[in-house]
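1. generate coordinates for the sequence data below:
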Amino acid sequence: VQLQASGGGLVQAGGSLRLSCTASGSIARINDMGWYRQAPGKQRELVARITYGGSANSPGSMKGRFTISRDNAKNTVYLQMNSLEPEDTAVYYCNAAVVPVIGAVGYYWGQGTQVTVSS
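-> Residues are numbered from 1 along each chain as shown. Predicted coordinates:
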């Protein structure tokens, strides 16, 4: 199983970006999917998570600006980020709890995509 993230880049404060992350491989189902981020010198933190059924949660500081969604048919999770601030600058990682065709649930990470917000 591999997770491929894309959509990062350089944007001015107040702008928007949409991240995508697609899982591929021997997949029967994907349970929770999520986005995390890690800024230089800081610990990785949760941005948002979403269940297979579409129930989403995120920390209070990001609610209203960030929206997570998914397309189960495409094994893809999205993160729409609006009103970006310089403090949102980080590497964004996707994460998925994958049920393989054979075997037990595994937790996988994407390679990370850089988001840089200029002031």
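2. report the beta-bridge partners for the residue most central in space within the chain.
-> Centroid check for the chain by Cα atoms, centre = their mean gives Trp35 as the closest residue, at 2.8 Å. Partner residues in beta bridges with Trp35: Ala48, Cys94, with DSSP bridges as the criterion.
3. tell me how far it lies from Ala90.
-> According to Cβ to Cβ, to the nearest Å, Trp35 and Ala90 sit 10 Å apart. C-beta coordinates here come from the backbone N, C-alpha and C atoms, glycine included.
4. same check on Tyr107?
-> Tyr107 is 20 Å from Ala90, where distance means Cβ to Cβ.
5. more neighbours: these two, which one.
-> With other Cβ atoms under 10 Å as the criterion, Tyr107 and Ala90 differ in neighbour count, and Ala90 comes out ahead with 22 against 11.
6. retrieve the pLDDT associated with Pro40.
-> The predicted local distance difference test score for Pro40 is 93.
7. could you do Lys63 as well?
-> Lys63 carries a pLDDT score of 78 in this model.
8. relative to the helix or strand bottoming out on mean pLDDT in the chain, what are the paired strands and their orientations?
-> Within the chain, confidence by mean pLDDT, DSSP states H and E is lowest for strand 56-57 among all helices and strands, at a mean of 94. As defined by DSSP bridges, the strand partners of strand 56-57 come to strand 45-50 (antiparallel).
9. how distant is the strand it pairs with from the center of its chain?
-> 7 Å (Cα atoms, centre = their mean, to the nearest Å).
10. how about that strand: buried residues?
-> Along strand 45-50, these residues count as buried under the neighbour rule (16 or more other Cβ atoms under 10 Å): Val47, Ala48, Arg49, Ile50.
11. mind listing what the last one touches?
-> What it means is Ile50. Ile50 makes contact with Asp32, Met33, Gly34, Ala56, Asn57, Ile68, Ser69, Arg70, Val77 under the criterion Cβ atoms under 8 Å, 6 or more residues apart in numbering.
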